[in-house]
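*Asks:* Sequence and computational prediction follow.
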Amino acid sequence: MEYIYNKEQDKIISYPLNPLLVLAGAGSGKTSTIIGRIINLVNDRNVQPESILVLTFTNDAARHMQIKLEKELGANANKVQVCTFHGFSKNILMDKYLELGYSRPPRLMNSGDENYIIRKHFNDLGKLNSMMYKRDPITAISSFKNMFESFRNNLFSNAELCEYKEKELKRIKKNIDFEDKEKSKQIIDAIDAFFKYQNWKKEENYIDYGDMIINLWYLLNENESFIADVQGKNKHIIIDEFQDNNY
């Protein structure tokens, strides 16, 4: 299929091998421009297709991109890595699982598995600070899951969570308002539970979606040889729908 590009798209496609941010509205042809950029890299600039990493926001978008590339690049399209952020992270996790503390390649959990693990170990959490969590374990589990997701979406390290916990402990001592104290106690309980939850999953070789990202983040921050390896393999990184991604 022969794409017809306008002047602005041609400028993007032939742009030098430097960082580039494209801002355009829905339906303006961003995806077809990305396809054109990849074709240009491979066919006109002799870029090795295996050195191109394309990150999309959804699995459907990744499949759509791969199909279009196959029509334009043939066999070379299969050498271009097109996946979601979670897919990219999972591939690395399956290769580096021993370094991350798993004894074998971990299995991906669903929401039911997450509920089961927390309920199974709920009594192992010890004494809870929150009155609401003490009275209503079902609400506690639901709240924990939401806060666990927030911790990982913000890429908090264990050290940062410990600092956060200390701040909340100090707030409790200063604050006489019951509701504010209760909120602080819920955060403290969630942080304590999060550390245990992460260990329970590793003991059973489980990961959830949040683990894919946080484990990759850990490797990028703690393992210099890993960073060099990832940078060596992925010379050209293209991110579709960048605005839809969190930090």
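*Replies:* Received, thanks. Residues are numbered from 1 along each chain as shown.
*Asks:* Distance of residue 162 relative to residue 227?
*Replies:* In this structure, residue 162 and residue 227 are separated by 25 Å, where distance is defined by CB to CB, to the nearest Å. C-beta here means a position set from N, CA and C on the backbone, and glycine is covered the same way.
*Asks:* List the buried residues for the host helix or strand of residue 138?
*Replies:* Remark: residue 138 resides in helix 137-153, with elements defined by DSSP states H and E. Of the residues in helix 137-153, those with enough neighbours to count as buried (16 or more other CB atoms under 10 Å) are 140-141, 143-145, 147-148, 151-152.
*Asks:* same thing with stretch 36-48?
*Replies:* By neighbour count on 16+ other CB under 10 Å, the buried set for stretch 36-48 is 36-42, 47.
*Asks:* next one: stretch 23-38
*Replies:* Buried positions in stretch 23-38, judged by neighbour count with 16+ other CB under 10 Å: 29-30, 32-38.
*Asks:* What is the end-to-end distance of that stretch?
*Replies:* Using CA to CA, to the nearest Å, the end-to-end distance of stretch 23-38 comes to 18 Å.
*Asks:* let's have the chain start at 3 instead
*Replies:* Sure, I'll start counting at 3 from here, so that last one is stretch 25-40.
*Asks:* Run the chain-centre distance for that stretch.
*Replies:* Average the C-alpha atoms of stretch 25-40, do the same for its chain, and the two points are 23 Å apart (CA atoms, centre = their mean, to the nearest Å).
*Asks:* Check the average confidence over it, would you?
*Replies:* For stretch 25-40, the mean pLDDT works out to 89.
*Asks:* cool, and stretch 187-203?
*Replies:* 96.
*Asks:* Let me know the closest of the buried residues of helix 139-155 to residue 9.
*Replies:* Distance ranking of the buried residues of helix 139-155 against residue 9, using CB to CB, places residue 154 first at 42.5 Å.
*Asks:* now that closest one: how far from residue 211?
*Replies:* Counting by CB to CB, the gap from residue 154 to residue 211 is 9 Å.
*Asks:* From the buried residues of stretch 38-50, which land in helices?
*Replies:* Secondary structure of those is defined by DSSP state H; positions in helices are 38-41.
*Asks:* tell me, how many neighbours does residue 90 end up with?
*Replies:* Taking other CB atoms under 10 Å as the criterion, the count of residues near residue 90 is 22.
*Asks:* one step back: so which of the ones in helices among the buried residues of stretch 38-50 would you say is closest to residue 199?
*Replies:* Distance ranking of these against residue 199, using CB to CB, places residue 40 first at 39.9 Å.
*Asks:* So which elements touch the longest helix seen in the chain?
*Replies:* Among the segments of the chain that qualify as a helix by DSSP H, the longest is helix 180-205. Here helix 180-205 touches helix 113-122, helix 133-137, helix 139-155, helix 160-176, going by 3 or more CB pairs under 8 Å, 6 or more residues apart in numbering; DSSP states H and E.
*Asks:* mind listing what the helix or strand just after that helix pairs with, with the direction of each?
*Replies:* Later in the chain than helix 180-205, the nearest helix or strand by DSSP H and E is strand 208-209. Counting by DSSP bridges, the strands paired with strand 208-209 are strand 109-110 (parallel).
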